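S.K.: Sharing a model prediction with you, sequence too.
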Amino acid sequence: MTTDATRLIRKAVEADQPRIHAIRMAVRENILSDPSKVTAEEVAWYRDNAIFLVAESAGEIAGFACANHQTGLVWALFVDPAQEGGGHGRALLDAALAGLKAAGHAQAWLETGAGTRAERFYRRHGWHDRGRGLDGQIVFTRQL
């Protein structure tokens, strides 16, 4: 768990799920066109077994990140659109990467859409473009 004057990063718990879902459905990029593709079982697995973190600001969840400790995948990183630009995404990403490093990974990876704010965010934070996946997403890696 990490904190600063206005933010708390902590492990997600089941009671956080309604707010996490609301943030995921409110994003302006990487919109989940078919919510059935992210099952409740998959979310529960990440929460119970992997690295699933939330950022709280003023007692409210501002964003969340999920990373797979087995594969080094950063599966999700989303911030409430009303709270973007406040450093929540960076804090969540740093905490998730620290978790992956502690799990023994030397490298993390993720996929995101081309031409998005997310692409620019990852490039600014030291991620390297490794080309396109089968679905056209950019595959990024970063040494830990």
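M.R.: Yep, that arrived. Everything quoted here is computed from the prediction, not taken from an experiment.
S.K.: what helix or strand does the nearest residue to residue 95 once chain neighbours are set aside sit in?
M.R.: Of all residues not flanking residue 95 in the chain, residue 9 sits nearest, at 4.7 Å (CB to CB, 6 or more residues apart in numbering). (Glycine included, C-beta is placed from N, CA and C.) Using DSSP states H and E, the element containing residue 9 is strand 8-11.
S.K.: Just the mean pLDDT for that strand, thanks.
M.R.: Mean pLDDT, strand 8-11: 95.
S.K.: Please pull up the helix or strand immediately following it.
M.R.: Taking DSSP H and E, what comes next after strand 8-11 is helix 17-26.
S.K.: what's next to that following helix, contact-wise?
M.R.: Outside helix 17-26, the residues that touch it by CB atoms under 8 Å, 6 or more residues apart in numbering are 12, 32, 35, 38, 43, 47, 54, 60-61, 63-64, 76, 78-81.
S.K.: Assess the claim that residue 95 and residue 64 are in contact.
M.R.: No: in this structure, residue 95 is not within contact of residue 64 by CB atoms under 8 Å, at 10.9 Å.
S.K.: For these two, work out which one has more neighbours and name it.
M.R.: For residue 95 versus residue 64, neighbours defined as other CB atoms under 10 Å are more numerous around residue 64 (27 against 19).
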